[in-house]
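Colleague: Here is the input, now give the coordinates:
(chains A and B)
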Amino acid sequence: EIVMTQSPATLSVSPGERATLSCRASQSVGSDLAWYQQKPGQAPRLLIYGASTRATGFPARFSGSGSGTEFTLTISSLQSEDFALYYCQQYDNWPGTFGQGTKVEIK
Amino acid sequence: EVQLLESGGGLVQPGGSLRLSCAASGFTFSNFAMSWVRQAPGKGLEWVSGIRGSGAFTYYADSVKGRFTISRDNSKNTLYLQMNSLRAEDTAVYYCAKVLNWGEKANDYWGQGTLVTVSS
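Modeller: Reported below is the predicted structural model:
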């Protein structure tokens, strides 16, 4: 199985600042990489797929980049509703493994 | 509107069995692959199993291979997960999720989950 590693585990950011989350795959997954946002008590929501395509309902301040083994999720100017857990997932080959998550918290 | 509603969770003893169901609506169920993803209390997401739209091909995480079986009934728009030989580490909220399409196997819709607790 492909191992996904996210960093950092926790990111403390002030509202209005930029947040950069990283995700690394143990082998190339091409662009078959998704990001999900999860808030307490809720199911995850698809945020980014194909490494860089934003899903319906998310604003342009969210962007994804990368390919192969290195990926980045950037939130350009954090809003209060963006403080949450973020997971990356590769789906190049099933099983579609997830990273362990990055918690974005208010600084 | 796409809706996914899981059911069948509950408390089961180690070594026991449970069958989860996921009733789907709002899309042509047979056209889409589906997944089960779980989340242990306070932990991250773990992909469990997936199935093609036809039901002909199934996929499993190593942690559940040989114990869990995914299936679907396209006439009933329902996804299933048969879980046997359950262990304490299988305790989790189990989500069913729709796959965006076969070229992009991200999960674009999720149910609210059903809690499975394995304990004596």
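Colleague: Quick check, central residue of chain B?
Modeller: By Cα atoms, centre = their mean, chain B has its centre lying nearest to B:Trp36, at 2.9 Å.
Colleague: The residue nearest to it when sequence neighbours are not counted: neighbouring residues, count only.
Modeller: Distances taken as Cβ to Cβ, 6 or more residues apart in numbering or on different chains place B:Val48 nearest to B:Trp36, at 4.3 Å, with adjacent residues excluded. The way it works is simple: take the backbone N, C-alpha and C, and place the C-beta from them, glycine included. The tally of other residues near B:Val48 (other Cβ atoms under 10 Å in any protein chain shown) stands at 25.
Colleague: circling back: pretty sure the residue nearest to the centre of chain B is touching B:Tyr80, no?
Modeller: No - in this structure, B:Trp36 is not within contact of B:Tyr80 by Cβ atoms under 8 Å, at 9.3 Å.
Colleague: Sheet partners, orientation included, of the top strand by length along chain B?
Modeller: In chain B, with assignment by DSSP state E, the single longest strand is strand B:92-101. Here strand B:92-101 is paired, per DSSP bridges, with strand B:34-39 (antiparallel), strand B:104-110 (antiparallel), strand B:114-118 (antiparallel).
Colleague: A:Pro8: how many residues sit nearby?
Modeller: Quick note: A:Pro8 (other Cβ under 10 Å) scores 12 neighbours.
Colleague: What residues does B:Pro41 make contact with?
Modeller: B:Pro41 sits next to B:Thr91, B:Ala92 when contact means Cβ atoms under 8 Å, 6 or more residues apart in numbering or on different chains.
Colleague: What are the buried residues along stretch A:20-37?
Modeller: By neighbour count on 16 or more other Cβ atoms under 10 Å in any protein chain shown, the buried set for stretch A:20-37 is A:21-25, A:29, A:31-37.
Colleague: Can you pull the residues of chain B lying near chain A?
Modeller: For chain B, the residues in contact with chain A (Cβ under 8 Å from any Cβ of the partner chain) are B:35, B:37, B:44-47, B:50, B:59-62, B:95, B:100, B:104-113.
Colleague: could you flag which of those are buried?
Modeller: Counted by 16+ other Cβ under 10 Å, those give B:35, B:37, B:45-47, B:50, B:59-61, B:95, B:100, B:105-111, B:113 as buried.
Colleague: Identify the residue nearest A:Cys88 in space, chain neighbours excluded?
Modeller: Once flanking residues are discounted, A:Cys88 sits nearest to A:Cys23: 3.6 Å by Cβ to Cβ, 6+ apart.
Colleague: so how far is the helix or strand containing A:Gly64 from its chain's centroid?
Modeller: Applying DSSP states H and E as the criterion places A:Gly64 in strand A:62-67. The chain centre lies 9 Å from the centre of strand A:62-67; the measure is Cα atoms, centre = their mean, to the nearest Å.
Colleague: which helices and strands does that strand pack with?
Modeller: strand A:33-38, strand A:45-49, strand A:53-54, strand A:70-75 (3 or more Cβ pairs under 8 Å, 6 or more residues apart in numbering or on different chains; DSSP states H and E).
Colleague: would a markdown table of those with distance to B:Ser120 be doable?
Modeller: Output for the helices and strands packed on strand A:62-67, formatted as a markdown table (distance: least, Cβ to Cβ, whole Å):
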| stretch | distance to B:Ser120 |
| --- | --- |
| strand A:33-38 | 30 |
| strand A:45-49 | 35 |
| strand A:53-54 | 46 |
| strand A:70-75 | 41 |
